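**Student:** Let's see this in three dimensions:
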Amino acid sequence: MASYKAIMALVFKGHSYEEIVGLVGCSRRDISLVKKTAAARGLSAGQVAAMSEAQWAELFPDGRRAVTGAFDQPDFAVVLKSMKANKHFTLQQAWRMYVGSGQGSGKKYGYSRFASCSRSSLPPMTLSRLCTMNRAGRCWWTGPGTRCRSRMR
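**Tutor:** A predicted model of the protein is given here:
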């Protein structure tokens with residue numbers, strides 16, 4: 001997200017678009033938005049310097065939305081228990097159980113998102129059973145925050 005305070009300060013100092021882009025690392029669209037907002041509201045450099053965080057948030061609202069709350073969270077404790085009880089239990093089977101369960105009213109993760117969540121949620125010892133091995137016996141995938149160093153024996 002662009003630093004609108006820094007952009008606004010540089011705009012009032014009379015810097016060009018290229019200078020602001022180079023200094024702040026924002027897009028030309030962000031600079032244009034700041035200029036249009038300042039002109040529409042009739043803001044001066046003194047008013048901008050005295051603005052609070054709430055006023056900045058009102059001028060430039062964050063349009064991003066949190067979507068994780070809309071999804072049912074998998075129960076990885078059950079997945080781990082099933083993996084310990086049955087050595088042939090796969091992540092695909094765990095995902096099918098998750099999707100097929102009628103619990104929760106939210107949406108369900110797709111397989112790839114479920115797999116990446118499981119790789120960051122399960123203990124490292126079980127990760128060696130989740131990774132896909134190539135012919136040389138090395139893991140093809142390393143998940144976020146974890147490194148699979150397993151080899152086939």
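**Student:** buried sites along the longest helix along the chain?
**Tutor:** Secondary structure of the chain per DSSP state H: the longest helix is helix 28-41. Judged by neighbour count (16 or more other Cβ atoms under 10 Å), helix 28-41 contains these buried residues: Asp30, Ile31, Leu33, Val34, Ala38. Quick note: C-beta positions are derived from backbone N, CA and C, even for glycine.
**Student:** cool, stretch 57-67 as well?
**Tutor:** Under 16+ other Cβ under 10 Å, the buried positions of stretch 57-67 are Leu59, Phe60.
**Student:** Okay, strands next: where are they in the chain?
**Tutor:** Per DSSP state E, the chain carries no strands over any range.
**Student:** Check which helices and strands the longest helix of the chain is in contact with.
**Tutor:** Packing partners of helix 28-41 (3 or more Cβ pairs under 8 Å, 6 or more residues apart in numbering; DSSP states H and E): helix 4-12, helix 17-24.
**Student:** Pick the most buried one from those helices.
**Tutor:** Highest mean neighbour count among the helices and strands packed on helix 28-41 (mean count of other Cβ atoms under 10 Å): helix 4-12, with a mean of 19.
**Student:** so Arg41 touches Leu59, yeah?
**Tutor:** Yes. If you go by Cβ atoms under 8 Å, Arg41 and Leu59 touch, sitting 7.4 Å apart.
**Student:** a markdown table please, covering the helices and strands packed on helix 28-41 and showing mean pLDDT and distance to Ala115.
**Tutor:** Formatted as a markdown table, those follow (pLDDT from 0 to 100; distance: least, Cβ to Cβ, whole Å):
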| stretch | mean pLDDT | distance to Ala115 |
| --- | --- | --- |
| helix 4-12 | 91 | 38 |
| helix 17-24 | 92 | 38 |
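**Student:** Quick one: closest of those helices to Ala50.
**Tutor:** Closest approach to Ala50 among the helices and strands packed on helix 28-41 (Cβ to Cβ): helix 4-12, 12.0 Å.
**Student:** same question for the longest helix of the chain, mean pLDDT?
**Tutor:** Helix 28-41 carries an average pLDDT of 92.
**Student:** Can you name the residues in contact with it?
**Tutor:** Identification of contacts with helix 28-41 by Cβ atoms under 8 Å, 6 or more residues apart in numbering yields 2, 4, 7-8, 11-12, 17, 20-21, 43, 48, 59-60.
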